[in-house]
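Trainee: I would like the atomic coordinates for the input below:
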Amino acid sequence: MPDLQERAAEIEASDQPMVDERFQLARDALRERVLDLALSQFKWLWDNMLKYALSMSGVRSSFMASEIEKLIECHPPARAAFAAKRDALLERAQRAGRMSQRDAYRDWIELSERLGDTDVVLEWYDGIKGNIRYQEVLDGMSRDIEELLAKNERWADLGRLIPDPISRLQRQLDLFAARNTLVKSDRSERDRERQLERDARRLRTYAAHYYAGMLATGNDTKAGALVEFAIAHDDTPEMRCWLVELAIACGCPSERDAGLLDEAEAMGRDVTDVRKRLRRTLRDGPAA
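Mentor: The predicted structure is shown next:
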């Protein structure tokens, strides 16, 4: 098998983009600690992957971005290179048209997260939230912002960003169903079961985050409707406990959450610890 440098030379000599080969080379170079080679390939892939392989957009923002993050953590030149790309993306986003602007902001957020510098994104969001000029941009990238707000437990901001949480959950369920239909025939029964469990965990996470958002913005009617919708699609003690955990986290639980724990307990779940924390929060308010 050719060594890394030979493979790199073959790729550079080709008149084809060789996206898959570049990605594999970059990963192998990172694993073998040939870091300058890994950096050159990941830089090319970040800039060019979607020009030649638009279907790899999911790979770019997940697996490849994770590999880039590993490289950034162990190779200072990589941090400098991708920080420069991140800064250029912000400049591009600020002068781009709407569609290009949204894509540039998405990449800017992605690289900021991989660089471990999300404070700058939150500062940007604080400066533009509520500004109608940016509403279309935020609507198109609300998933990216939503995850960042949840990580930082900014539940009220999350609630304002997602005004219709049930529609958002339904859209996620539709995506799960469509994907599972497409890949159903290619997977073993065990793999399908694992995928369904991963989907269930994601649904619980989204539902609990949106529940906290509704509670933190004082929208109890939507919060109650969200609980009914979530349980209708995942009638488990795990869903009930996730919802209560986030109600406690946002500091806005109610007796409805005590009822959810009663139901979870009746289904065989030990809720002793979470019940204690719920009672304490109901009595004393959120922890400082």
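Trainee: lowest average confidence, helix or strand, in this protein?
Mentor: Least confident helix or strand of the chain, by mean pLDDT, DSSP states H and E, is helix 135-140 with a mean of 80.
Trainee: Contacts for it next, please.
Mentor: With CB atoms under 8 Å, 6 or more residues apart in numbering as the test, helix 135-140 has contacts from Arg98, Gln101, Arg102, Tyr105, Ile128, Lys129, Ile145, Leu161. Where C-beta positions appear, they are placed from N, C-alpha and C, glycine not excepted.
Trainee: In this structure the last one contacts Met141, no?
Mentor: In other words, Leu161. No: Leu161 lies out of contact with Met141 (CB atoms under 8 Å); the separation is 10.4 Å.
Trainee: higher neighbour count, these two?
Mentor: Leu161 (19 against 16; other CB atoms under 10 Å).
Trainee: Pull the contacting residues for that one.
Mentor: Shown in contact with Leu161 (CB under 8 Å, 6+ apart): Lys129, Leu138, Ser142, Ile145, Glu146, Leu149, Gly213.
Trainee: ok, and the closest non-adjacent residue to the third one?
Mentor: Here the nearest residue to Ser142 in space, its sequence neighbours aside, is Leu161; by CB to CB, 6 or more residues apart in numbering that works out to 5.6 Å.
Trainee: Ok, the last one next?
Mentor: For Gly213, ignoring the flanking residues on the chain, the nearest one in space by CB to CB, 6+ apart is Gly159 at 3.0 Å.
Trainee: Give me the phi and psi angles of that neighbour.
Mentor: Here is the backbone geometry of Gly159 (degrees, to the nearest 10): phi -60, psi -40.
Trainee: burial measure for it, as a count.
Mentor: Counted with other CB under 10 Å, Gly159 comes out at 25.
Trainee: Quick one: low-confidence residue ranges for this protein.
Mentor: Flagging of the chain using pLDDT under 70 yields the residue ranges 1, 96-99, 182-187, 285-288.
Trainee: Show me the longest helix that occurs in it.
Mentor: Assignment by DSSP state H gives helix 189-216 as the longest helix of the chain.
Trainee: That one packs against which elements?
Mentor: helix 155-161, helix 165-183, helix 220-233, helix 237-249 (3 or more CB pairs under 8 Å, 6 or more residues apart in numbering; DSSP states H and E).
Trainee: hmm, which two among the contacts of Leu161 are most spread apart?
Mentor: Of all pairs drawn from those, the greatest distance, 14.7 Å, lies between Leu138 and Gly213 (CB to CB).
Trainee: Determine which member of these two has the greater number of neighbouring residues.
Mentor: Looking at Leu138 and Gly213 with other CB under 10 Å, you find the greater number of neighbours at Gly213, namely 29 against 18.
Trainee: Next up, the contacts around the more buried one.
Mentor: Contact analysis of Gly213 by CB under 8 Å, 6+ apart lists Trp155, Ala156, Leu158, Gly159, Arg160, Leu161, Ile162, Pro165, Cys250.
Trainee: try Glu32
Mentor: Here Glu32 is in contact with Leu4 (CB under 8 Å, 6+ apart).
Trainee: tell me the phi and psi of it?
Mentor: phi -90, psi 10.
Trainee: any idea how far Lys276 is from the residue nearest to Gly213?
Mentor: 26 Å (CB to CB, to the nearest Å).
Trainee: Save the contacts of helix 135-140 as a markdown table, and put in distance to Arg192 and secondary structure too.
Mentor: Below are the contacts of helix 135-140 laid out as a markdown table (distance: CB to CB, whole Å; DSSP: H, G, I helix; E, B strand; the rest coil):
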| residue | distance to Arg192 | secondary structure |
| --- | --- | --- |
| Arg98 | 39 | helix |
| Gln101 | 39 | helix |
| Arg102 | 34 | helix |
| Tyr105 | 36 | helix |
| Ile128 | 42 | helix |
| Lys129 | 40 | coil |
| Ile145 | 32 | helix |
| Leu161 | 33 | helix |
